[in-house]
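In: Sequence isn't available, so here's the structure alone:
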């Protein structure tokens, strides 16, 4: 209905997470209306990222160099490594701007159902890094799902006696209302209660 | 946190309608993971659309030629013109695949508040087309908002006595449940009730 190039762009946009066919059409019309301000810069930015983006060979973060800014900064060599499932989690931790150590991106979780074993994740490289970087504490920041927790247990088994192992605290989120929380969170928050 | 090129792409993606900063980050990570399958093709498709997309000089539809496929098809010269607010509405009508005439995209609605008068919309060109294309029926398919209906009244005033004027029927949507409909729709459906 609107020229093959435009339909092709709509089909590709609809493959992005969070966009369906309807929102892809809306986005493409918006892009065509803002051709100079948005469409051309976006095409250029994508081309650039397609060329420059790479995974950090050390931690698995996504950046524009073989060793990411965090791994190459001496300031971040605190002896602490925070283990996350994927790059989005690493970026979320960085936005909180409180962790001063380095990261290790697993690239998923162990999953018997999907046939994902330790060799499919970045676990061997993690064990190498413990020695090489003189790591003293490993912070497990895996998602609070069954697979996430299974993975955390497996890693804890592997690293026991070598480093201090910790995990993120579970409890009521800041600003959270009890009425809206699930029972599991309330129960975790209660059993980890603090003396004032 | 992740290289200037990637941050730049995230900022641009976040400007798309329907995407915020969080979903833009998710989309960009997805794109980087699917570099060959999605990122490069998407960049190419955008570049192509930036060069080829244009507005139909006759009806205002967005396509890849100066006169769109609908306006250049002799089969669509049925003497009926359907008036829509914007290109997204035209595409929605075309997906329904029942209207066989041509369209006219107004490019908005009259709005005293935003200072949009008839000369800011494609109304003069519409009046030219009525003569030039031998139009016998004008179907008003404007949104059922205050501005949309004001615009419909204005156009009806201008075209009275020249052509047959109709508008889309209002009523219960197919598959709609009365319990979820607003009072205005129920009242419109009742007053336009049909004899079985």
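Out: Alright, I've got the coordinates. Predicted model only: the values in this text are computed from it and were never measured.
In: Give me the neighbour count for residue A:186.
Out: 13 (other C-beta atoms under 10 Å in any protein chain shown). The C-beta positions use only the backbone N, C-alpha and C, and glycine is treated the same way.
In: what about the residue lying closest to it once chain neighbours are set aside, neighbour count?
Out: Excluding its sequence neighbours, the residue lying closest to residue A:186 (C-beta to C-beta, 6 or more residues apart in numbering or on different chains) is residue A:178, at 6.6 Å. A count of neighbours around residue A:178, defined by other C-beta under 10 Å, yields 9.
In: got the contact list for residue A:118?
Out: The neighbours of residue A:118, taking C-beta atoms under 8 Å, 6 or more residues apart in numbering or on different chains as the test, are A:110, A:124, A:154.
In: quick one, phi psi at the second one?
Out: Torsion angles at residue A:124 (phi, psi; degrees, to the nearest 10) stand at phi -60, psi -40.
In: quick one: what helix or strand has residue A:83 in it?
Out: strand A:80-84 (DSSP states H and E).
In: next helix or strand past that strand?
Out: helix A:87-96.
In: ok, back up a step: go through the contacts of residue A:118 and name the one nearest chain B.
Out: Nearest to chain B among the contacts of residue A:118 is residue A:110, at 19.9 Å by C-beta to the nearest C-beta.
In: and the closest one, what pLDDT?
Out: Predicted confidence (pLDDT) for residue A:110: 93.
In: Among the contacts of residue A:118, which one is most surrounded by other residues?
Out: residue A:110 (20 neighbours).
In: where's the nearest residue to that residue once chain neighbours are set aside relative to residue A:145, distance?
Out: Spatial nearest neighbour of residue A:110, excluding adjacent residues (C-beta to C-beta, 6+ apart): residue A:151 at 4.6 Å. Distance of residue A:151 to residue A:145, computed by C-beta to C-beta, to the nearest Å: 9 Å.
In: can you list residues touching both of those two?
Out: In contact with both residue A:151 and residue A:145: residue A:109, using C-beta under 8 Å, 6+ apart.
In: quick one, which of these two is more surrounded?
Out: residue A:151 (25 against 11).
In: quick one, what contacts the nearest residue to residue A:61 once chain neighbours are set aside?
Out: Nearest residue to residue A:61, sequence neighbours excluded (C-beta to C-beta, 6+ apart): residue A:68, at 4.3 Å. Counting by C-beta under 8 Å, 6+ apart, residue A:68 makes contact with A:56, A:58-59, A:61-62, B:2.
In: who touches the strand holding residue A:83?
Out: By C-beta under 8 Å, 6+ apart, strand A:80-84 touches A:90, A:93, A:99-106, A:126, A:129-130, A:133, A:135-142, A:155.
In: So what's the residue count around residue A:157?
Out: 9.
In: Repeat that for residue A:85.
Out: 20.
In: hang on, it packs against residue A:106?
Out: Yes. Taking contacts as C-beta atoms under 8 Å, residue A:85 lies within contact range of residue A:106: 5.5 Å.
In: Name the residues contacting each of these two.
Out: A:142, A:151.
In: Now do the end-to-end distance for stretch A:80-94.
Out: 14 Å (C-alpha to C-alpha, to the nearest Å).
In: likewise stretch A:8-28?
Out: OK, stretch A:8-28 end separation, C-alpha to C-alpha: 10 Å.
In: ok, and for that stretch, which residues are buried?
Out: For stretch A:8-28, a neighbour-count test (16 or more other C-beta atoms under 10 Å in any protein chain shown) marks A:8-10, A:12-16, A:19, A:23-28 as buried.
In: Check these one by one and keep those near chain B.
Out: Contacts with chain B within the buried residues of stretch A:8-28, as defined by C-beta under 8 Å from any C-beta of the partner chain: A:8-9, A:12-13, A:15-16, A:19, A:23, A:25-28.
In: Make CSV from those residues and add pLDDT to it.
Out: Converted to CSV, these look like this (pLDDT from 0 to 100):
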residue, pLDDT
A:8, 95
A:9, 96
A:12, 96
A:13, 96
A:15, 95
A:16, 95
A:19, 92
A:23, 94
A:25, 94
A:26, 94
A:27, 96
A:28, 96
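In: Among the buried residues of stretch A:8-28, name the ones in helices.
Out: A:8-10, A:12-13, A:23-28 (DSSP state H).
In: Retrieve the pLDDT associated with the nearest residue to residue A:135 once chain neighbours are set aside.
Out: In space, and not counting its chain neighbours, residue A:135 is closest to residue A:81: 5.1 Å by C-beta to C-beta, 6+ apart. At residue A:81, the model reports a pLDDT of 95.
In: Okay, and the beta partners of residue A:81?
Out: Following DSSP bridges, residue A:81 is listed with bridge partners residue A:102, residue A:138.
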